[in-house]
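# Mind looking at a prediction? Sequence and model below.
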Amino acid sequence: MNRKKIGLLFVLLLVFSVYKLFDNTKTTRVKERPQVSVKVSQVTESRIHTVLEFIGTAVSNESVDITSSVAQKVTKINFSDCDFVKKGDVLVQQNIDKLLAQKKQAEINLQEQQRELTRISTLKKRNVIAAKEYDSQNTKVQDAQAKLAEVEEEIKERTIVAPFDGMLGLRKISVGALLSPGTVITTIDDIKNIKVDFSVPEKYLSLITKGCKIEATGIALPGKKFFGSVQAVSPRISAVSRSISVRGIIENKDYLLRSGMMLNVTIEMQDRNAIQIQESAVLNVGEKHYVYIVDSENRAKQKEIEIGERRDHLVEVTKGLTSSDRVIVDGVVKISDGDMVKISENSERSVEYSTFSENTDGIK
């Protein structure tokens, strides 16, 4: 029995000795791991100049189809194709001969009723007639006024006018044509100012606000530049494209731009201070981003960051770094968290100024 215990104790001592030997060897190997030579960059704030470019579509400031509201023949057309007109200009006159006769009759009737009301008013003041007769005549005057207004409204419905200042489209009717309600006569577009609609990736939402200055160019008008500002930013982001609709308004005083044109829209943002690092320093793991910084003991420490714009091999860091940090920019793949590193003599400083220019159609 004692021999069995002694034998078991001997086996346990042997196993423990082997484990300690293996553990000491592993520790020695870790301690003896050679330092990795890396390049680092001192983090500093720099100036960022952002220029965003998008593809947009020109839209008339105001645009409608000119139609008839009643079924009647056309007796007169007062415009030609693509004329410029003012608000209230008569474009088309439909047949109103019968209505003009009715209007004349209504005006005569109203005059007679008003004369009679004047006569009765005089008698009422002398207490010759009862107040009831005066009230009855006053009602007849109001009835005559209503009938005249009704005829004038019918004449107005058959007189088609420009709803606002603008440029007409092509004429689609002729004199003598019988117009039905909804028949398109022509179009009118207010193009003195042109709207431009474009989509912006959601990552730029914080940069684009109402009033931002924009510049537009079109392939149909080489060398021409048009200027304006952001008029509105949609409150909704598309769940499909992850972009937001933006509308700008630009001056078109020479009427060169037309609705439907494709425009290149440029938004030049104001310079701002930001932390930028080289793109080679960033490790991307899923949707997260990491860098290695070097501490005072020359040991690599992994740190999670949040990034902003990424362009021209530079990345804007919006969260996670300070100006006192030293970031490893070369040799990142060779190190692990906690490794001792050797800083190369060729290490560089961060850039002091850069320009981010993004070309996008807004579908990201």
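Arrived safely, thanks for sending. Keep in mind the model is a prediction, meaning the values are calculated, not measured.
# Residue 200 belongs to a strand?
Yes. Judged by DSSP: H, G, I helix; E, B strand; the rest coil, residue 200 forms part of a strand.
# Residue 65 contacts residue 172, correct?
No. With contacts counted by C-beta atoms under 8 Å, residue 65 stays clear of residue 172, the gap being 9.7 Å. To be clear about C-beta, it is placed using only N, CA and C from the backbone, and glycine gets the same treatment.
# so what sits against both of those two?
Here residue 65 and residue 172 share the contacting residues 184, 185, 186, scored by C-beta atoms under 8 Å, 6 or more residues apart in numbering.
# Out of those, which comes closest to residue 244?
residue 184 (33.7 Å; C-beta to C-beta).
# Can you report how many residues lie near the closest residue to the closest one other than its chain neighbours?
Nearest residue to residue 184 in three dimensions, chain neighbours excluded: residue 65, at 4.8 Å (C-beta to C-beta, 6 or more residues apart in numbering). For residue 65, the neighbour count with other C-beta atoms under 10 Å is 13.
# List the contacts of residue 65.
By C-beta under 8 Å, 6+ apart, the residues touching residue 65 are 184, 185, 186, 187.
# got a list of what the third one touches?
Translated: residue 186. Residue 186 touches 65, 66, 79, 91, 168, 169, 170, 171, 172, 173, counting by C-beta under 8 Å, 6+ apart.
# mind checking pLDDT for the spatially most central residue of the chain?
Closest to where the C-alpha atoms of the chain average out (C-alpha atoms, centre = their mean) is residue 246, at 1.0 Å. Model confidence at residue 246, given as pLDDT, is 95.
# cool, residue 293 as well?
We have a pLDDT of 90 for residue 293.
# Pull out the buried positions in whichever strand in the chain runs longest.
Counting by DSSP state E, the longest strand found in the chain is strand 45-67. By 16 or more other C-beta atoms under 10 Å, the buried positions in strand 45-67 come out as 46, 48, 50, 52-54, 56, 58-63, 66.
# Partner strands of that strand and their direction?
Strand 45-67 pairs in its sheet with strand 184-201 (antiparallel), strand 262-268 (antiparallel), strand 272-278 (antiparallel), strand 353-359 (parallel), by DSSP bridges.
# so of those, which one's packed in deepest?
Greatest average neighbour count among these goes to strand 184-201 (a mean of 21), per mean count of other C-beta atoms under 10 Å.
# Centre of the chain to it, how far?
15 Å (C-alpha atoms, centre = their mean, to the nearest Å).
# got a list of what residue 99 touches?
By C-beta under 8 Å, 6+ apart, the neighbours of residue 99 are 151, 154, 155, 158.
# which SSE is it in?
Using DSSP states H and E, residue 99 sits in helix 97-125.
# what's across from the residue nearest to the centre of the chain in the sheet?
Bridge pairing for residue 246 (DSSP bridges) gives the partners residue 198, residue 233.
# Include secondary structure, pLDDT and distance to residue 314 when you put the contacts of residue 99 into a markdown table, please.
As requested, these are arranged in a markdown table below (DSSP: H, G, I helix; E, B strand; the rest coil; pLDDT from 0 to 100; distance: C-beta to C-beta, whole Å):
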| residue | secondary structure | pLDDT | distance to residue 314 |
| --- | --- | --- | --- |
| 151 | helix | 94 | 74 |
| 154 | helix | 93 | 70 |
| 155 | helix | 94 | 70 |
| 158 | coil | 93 | 67 |
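# of those, buried ones?
Buried among these (16+ other C-beta under 10 Å): 151, 154, 158.
# Name the nearest of the contacts of residue 186 relative to residue 240.
Using C-beta to C-beta, the contacts of residue 186 come closest to residue 240 at residue 65, 30.7 Å.
# Quick check: the closest one vs residue 228, distance?
Distance of residue 65 to residue 228, computed by C-beta to C-beta, to the nearest Å: 26 Å.
# Same check on residue 280?
Going from residue 280 to residue 228 by C-beta to C-beta gives 39 Å.
# Between these two, which is the more surrounded one?
Neighbour count, other C-beta under 10 Å: between residue 280 and residue 228, residue 228 has more, with 20 against 16.
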